[in-house]
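Q: Predicted model, plus sequence, below.
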Amino acid sequence: MLAKILLESPQDTKLLAVVAPCYLEADEPLQSIEVYQRLLSNQSFPADVALIQLAKSYLAASHFFFVRLQAAGPANAPYIKAIQTARDQGSANARSAFPEAARASSYFHADLSYGQAEKLWKQHPKDPALLYQLTVLSGEESMKQLDECATKYPQSPNLQQFQAEVLVEQGQEEEGLQKYQQLLRDYPNLPDLRYNLGMLYRKRGEWDKALGVFKDQLTRSPNDERTAARVSESLLELKRYQELRDYLEPLSRKQNVPLWVTLDLAEALQELSNIPEAIELLASSEKRNPLNKTIHYRLMRLYALNGDSAEATKENQLFRSAK
């Protein structure tokens, strides 16, 4: 659907602005680049947001091409080494293998832009030299967008939030935490701010703090399923099983119930010593998800706890045969 929107409505910037975040969430960085390039030229879309999202898209594209480079066979060795050496040295320049790439591939040209290299790659998708070049160019483009954003919009709260994300990813959690807390005081309505802060608390194992932030986010965005799942996870980690049951049971009665709701509710019921109800819940879900290994495994354990060895054996067989 996302590809269809980009193909059939490339000039509909209002529609693109609505669906734009979905491209990265769906792991489609190349389409995300195209979308945010279009939004960057649209005056009604915040330019700092477009630049930051474009930087994220290029960074995801760099990973996209690097994964394919790793799978390209032994010819990739000098390119992998060049990229890893640059990363280990904290260098932004990973072009040391460009001369070798020029000798190895007639498609490679050192002066290609990202767009030109991508166009060539679509014609020769397994060429290691092009994959290497696109890995490097994508990373360079990501930094370029961030530099432009920092130059034009140095006080952008969206930029500050991204900087906090980078600090956390680089292992500087305390600095990232301080930046998130400052943003929460100064710009409390920033999208994803509470979710990202909650994920940092989650990473640190500070489940009480994570739960509070996720609940706050869910109050502001009641339909945010990813935050709802994090609330459930936090309650599980805190062993607040009755509260978890009260939280999940209304969700379990809705249509198209997400699997995480069923699994977490079944675990809460088990911990509350209500094994028959947990079995009934999972058995119902099993009919909708007959190939799900997790359901079979959980049912196997529940049947064993309930003393039903025949059903436990049956679920064990289903678990082993499921892919």
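A: Arrived safely.
Q: and the protein, what are its domains?
A: 2-152, 198-237, 239-323 (automatic domain parsing).
Q: gap between the second one and the chain center?
A: The gap between where domain 198-237 is centred and where its chain is centred comes out at 16 Å by C-alpha atoms, centre = their mean, to the nearest Å.
Q: can you list contacts of the lowest-mean-pLDDT helix or strand in the chain?
A: When the helices and strands of the chain are compared on mean pLDDT, DSSP states H and E, helix 2-8 comes out lowest with a mean of 82. Applying C-beta atoms under 8 Å, 6 or more residues apart in numbering, the contact partners of helix 2-8 are 12, 15, 16, 19, 22, 23, 26, 28, 31, 34, 35. All C-beta atoms are positioned from the backbone trio N, CA, C, and that covers glycine.
Q: hey, C-alpha coordinates of that helix in PDB?
A: Output of helix 2-8 as PDB, limited to C-alpha atoms (Å, rounded to 0.1, in the frame of the first residue of the first chain):
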ATOM      1  CA  LEU A   2       2.800   2.400   0.900                       C
ATOM      2  CA  ALA A   3       4.500   1.700  -2.500                       C
ATOM      3  CA  LYS A   4       1.200   2.200  -4.300                       C
ATOM      4  CA  ILE A   5       0.700   5.600  -2.600                       C
ATOM      5  CA  LEU A   6       4.200   6.700  -3.700                       C
ATOM      6  CA  LEU A   7       3.600   5.500  -7.200                       C
ATOM      7  CA  GLU A   8       0.100   6.800  -7.700                       C
END
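Q: Can you give me the buried ones in that helix?
A: 2, 5, 6 (16 or more other C-beta atoms under 10 Å).
Q: Can you give me the neighbour number for residue 322?
A: Residue 322: 15 surrounding residues under other C-beta atoms under 10 Å.
Q: Give the other helices and strands that the strand or helix carrying residue 19 contacts.
A: Per DSSP states H and E: residue 19 is located in helix 13-25. Secondary structure elements in contact with helix 13-25, counted by 3 or more C-beta pairs under 8 Å, 6 or more residues apart in numbering; DSSP states H and E, are helix 2-8, helix 29-40, helix 47-70.
Q: In terms of secondary structure, what does the longest one contact?
A: Going back to what we said before, that points to helix 47-70. For helix 47-70, the packing partners by 3+ C-beta pairs under 8 Å, 6+ apart are helix 13-25, helix 29-40, helix 77-88, helix 128-152, helix 157-169.
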